[in-house]
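*Asks:* For reference, the sequence and a predicted model appear below.
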Amino acid sequence: MTVTTVSIQAPDTQRIRGLEMPWNRVLQASGDAAGAAHALGPWHPQEFTAECVEVIPDLGDIMTFVFRRTDGAPLAFRPGQYLNFAFPVNGEDEDPLDRSYSISSAPTEPWTFSISVKRDHMGQVSPWVHENVRPGTVLDVLGPVGAFHLPDVERRARFLFLAAGAGITPIMSMLRTIHSLPGQADVVVLYHGAQAGQFAFAKELEYLASVDERIQVFWSLGDRNAPEKWEWMLGRLTSQMIEQVAPDANGRQVYACGPEGYLNNAAELLKQIGVDETSIHMEFFSGDRKTLLEYQQEVAIAEELAGELADDIADSAEDFYESQPVALELYEPAFDKDGPLEAAGLPLEVAEGGAFPDETTGGDSVADGSAAKAEPAGPADDSAFKTVGEGTLTLSFLKTGLKVKINPDQKILPIAKSAGVRIATNCQEGMCGSCKVVKVSGEIEMNHQGGIRAREVAAGKFLACCSTAKTDLVIDA
Ligand code: FES
């Protein structure tokens, strides 16, 4: 009898140039990759329901929740993207609260997916999630969304991942993806934490670094609580630290996720080191969920608009004072003693049947970035409201009792902010759903990126950050 020996060789990761996501070929085969992604659908935000199948406690007050789609479909996403969840925090009969969470699992295992939620003890939603989401819990989900993700193909796959605290979550998705794929890659992770022994995913990161020679992980502790045996780096991120772990940082694609202060510092240091802006990808954790550059640009634009509007408001206020000097005592500040309208000197008339916002409930942001539930504000009679600003259209804030003249190209959110009307915000790019408000009358044009559900639009809601007015508008804010 002849015995034939068949040798099965493991894929030689070194022979495959760079890193390529499994779906890239499909997209390329369709010609226009962007068009194909759109046509294929899964990479586009979708509404679906997902059932929790496992809950995994981790260090650093983080819990990982594993889900599967109830329609049995896999979830297609890019590593680093996030999902918007609707949590019935106030019961099934009340409007759910929306929150965005990065996907921490890899899209190469798409039949289940996970989010990793850090408990914010002052927050309204994350404690509820920790205490109530259990295997069997079904939630409404919208996504995937987000531009902070690995490219579909990267021939020079040299990455520097910077993460602070729970900013490690999208980075975990990227690392797990890279580890699951063959191909050349060179990945350096620098992970900052506040407390030794509290680094989420520590064991898995150590494992990945020990079995995958493409991945190196470095740790750094904040100044506090460094134990005697701590052998890694200490202190906040510095350029020396970056150069120590990645002397070739300016030849790498840098992905950074963490709190705003950490990212601002990282952006400055990377610039000093000579990393090209186009190689820097950043995402705020627990705050503005967007790239740092986009954030800075939009803040600048919003500030400019705010300045213009404040000038208009001040002018209107002056005219008003001059025309009605004896009636000053009838008028009150628009919002509160720190509000921008008072700073701008605007006297506001208390509208008959209207009300000034209640500081405890008036659409304020809660600690972890949510909007308090908007209650209907009564009949849409804005005839007695004071009008400020200049423009061809009128935007009436029903709860606040204010009318602002605006132009059709102005986004509603910055106008509201300038006028002292509080609308919760987060991403400011139509993805997270935080700035949802109710339209009482009028027409808007909305260019969102998946932050609102079809049934919410049908119910008259819209996202203030990415909407402009097409006609005079009355909103419940
Ligand atoms: S602030 Fe995120 S959708 Fe408007």
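*Replies:* Nice, thanks for sending it over.
*Asks:* tell me which residues of stretch 178-188 are tucked away?
*Replies:* Within stretch 178-188, the residues that count as buried by 16 or more other CB atoms under 10 Å are Ile178, His179, Leu181, Gly183, Gln184, Ala185, Asp186, Val187, Val188. C-beta here means a position set from N, CA and C on the backbone, and glycine is covered the same way.
*Asks:* Show me the residues you listed that map onto helices.
*Replies:* Within the buried residues of stretch 178-188, residues falling in helices by DSSP state H are Ile178, His179.
*Asks:* So of the buried residues of stretch 178-188, which two are at opposite extremes in space?
*Replies:* Spatially, the most separated pair among those is Leu181 and Val188, at 17.5 Å (CB to CB).
*Asks:* where exactly do the strands run in the stretch 101-250 of the chain?
*Replies:* For the stretch 101-250 of the chain, the strands defined by DSSP state E, counting those that start in this stretch occupy 113-118, 138-145, 153-154, 158-164, 186-193, 215-221, 233-234.
*Asks:* so which of those strands gets nearest Ala384?
*Replies:* Ala384 sits nearest to strand 138-145 of all the strands of the stretch 101-250 of the chain, at 38.6 Å, using CB to CB.
*Asks:* Just name whatever secondary elements that closest one is in contact with.
*Replies:* Contacting strand 138-145 under the criterion 3 or more CB pairs under 8 Å, 6 or more residues apart in numbering; DSSP states H and E are the following elements: strand 46-57, strand 82-87.
*Asks:* ranking these by burial, who's on top?
*Replies:* Mean neighbour count, computed with mean count of other CB atoms under 10 Å, is highest for strand 82-87 among the helices and strands packed on strand 138-145, reaching a mean of 24.
*Asks:* Those residues of the stretch 301-450 of the chain touching the ligand, which are they?
*Replies:* When proximity is defined as CB under 6 Å from any ligand atom, the stretch 301-450 of the chain approaches the ligand at Thr425, Asn426, Cys427, Gln428, Gly430, Met431, Cys432, Gly433, Ser434, Cys435.
*Asks:* ok, the third one touching Ser434?
*Replies:* Yes: Cys427 is in contact with Ser434 according to CB atoms under 8 Å; the separation is 7.2 Å.
*Asks:* joint contacts of those two?
*Replies:* Common neighbours of Cys427 and Ser434, counting by CB atoms under 8 Å, 6 or more residues apart in numbering, are Gly451.
*Asks:* Return the helix or strand in the chain with minimum mean pLDDT.
*Replies:* strand 331-332 (a mean of 28; mean pLDDT, DSSP states H and E).
*Asks:* contacting residues around Thr49?
*Replies:* With contact taken as CB under 8 Å, 6+ apart, Thr49 is in contact with Arg69, Thr70, Asp71, Val138, Leu139, Asp140, Val141.
*Asks:* Who does it form a beta bridge with?
*Replies:* Per DSSP bridges, the residues bridged to Thr49 are Asp140.
*Asks:* I figured Ser105 was touching Ser116, is that so?
*Replies:* No: using CB under 8 Å, Ser105 is not in contact with Ser116; the gap is 9.1 Å.
*Asks:* quick one: which of those two has more around it?
*Replies:* Ser116 (25 against 22; other CB atoms under 10 Å).
*Asks:* per-residue pLDDT, that one?
*Replies:* In the predicted model, Ser116 carries a pLDDT score of 95.
*Asks:* Now the stretch 101-250 of the chain against the ligand: closest residue?
*Replies:* Val145 (9.6 Å; CB to the nearest ligand atom).
*Asks:* Number of residues surrounding that residue?
*Replies:* When neighbours are counted by other CB under 10 Å, Val145 registers 24.
*Asks:* That one contacts Asn84, doesn't it?
*Replies:* Yes: checked against CB under 8 Å, the pair Val145 and Asn84 is within contact range at 6.9 Å.
*Asks:* what sits in contact with each of the two?
*Replies:* Ser100, Met431, Gly450, Gly451.
*Asks:* Wait, a helix at the last one?
*Replies:* Just to be clear, that refers to Gly451. No: counting by DSSP: H, G, I helix; E, B strand; the rest coil, Gly451 is not part of a helix but coil.
*Asks:* Can you give me every residue that contacts it?
*Replies:* Under the contact definition (CB under 8 Å, 6+ apart), the residues listed for Gly451 are 84, 98, 142, 145, 427, 430-434, 436, 463, 466.
*Asks:* quick one on the thing from earlier: ok, Cys427 and Ser434, which is more surrounded?
*Replies:* Each of Cys427 and Ser434 had its neighbours counted (other CB under 10 Å), and the higher figure belongs to Cys427 (30 against 26).
*Asks:* In a helix, the more buried one, correct?
*Replies:* No: counting by three-state DSSP, Cys427 is not found in a helix; it is coil.
*Asks:* which SS class is the closest residue to Ser239 other than its chain neighbours?
*Replies:* If you skip the residues right next to it in sequence, Ser239 has Leu269 as its closest partner in space, 4.6 Å away by CB to CB, 6 or more residues apart in numbering. For Leu269, the secondary-structure state derived from three-state DSSP is helix.
*Asks:* Tell me, please, where in the stretch 151-300 of the chain the pLDDT is lower than the cut-off.
*Replies:* In the predicted model of the stretch 151-300 of the chain, residues 223-225, 285-300 satisfy pLDDT under 70.
*Asks:* What residues does it have near the ligand?
*Replies:* Contact residues (CB under 6 Å from any ligand atom) of the stretch 151-300 of the chain with the ligand: there are none.
*Asks:* Gly123 versus Gln195, what's the distance?
*Replies:* Taking CB to CB, to the nearest Å as the criterion, Gln195 is separated from Gly123 by 19 Å.
*Asks:* more crowded one of the two?
*Replies:* Remark: of Gln195 and Gly123, Gly123 carries more neighbours, 19 against 15, as counted by other CB under 10 Å.
*Asks:* So this protein: which segments form each domain?
*Replies:* Here the domain parsing of the chain from automatic domain parsing is 14-33+44-145, 153-290, 293-475.
*Asks:* Let me know whether Gly167 touches Tyr255 as I believe.
*Replies:* No: taking contacts as CB under 8 Å, Gly167 lies outside contact range of Tyr255: 10.0 Å.
*Asks:* wouldn't Val138 be in contact with Phe48 here?
*Replies:* No: the pair Val138 / Phe48 is not scored as a contact, 10.6 Å apart, by CB under 8 Å.
*Asks:* Save the contacts of Thr49 as JSON lines, and put in pLDDT too.
*Replies:* Written out in JSON lines, the entries for these read as follows (pLDDT from 0 to 100):
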{"residue": "Arg69", "pLDDT": "97"}
{"residue": "Thr70", "pLDDT": "97"}
{"residue": "Asp71", "pLDDT": "95"}
{"residue": "Val138", "pLDDT": "98"}
{"residue": "Leu139", "pLDDT": "97"}
{"residue": "Asp140", "pLDDT": "93"}
{"residue": "Val141", "pLDDT": "92"}
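*Asks:* ok, now which ones touch Phe462?
*Replies:* Phe462 makes contacts with Lys436, Val437, Lys439, Ile444, Met446, Ile452, as judged by CB under 8 Å, 6+ apart.
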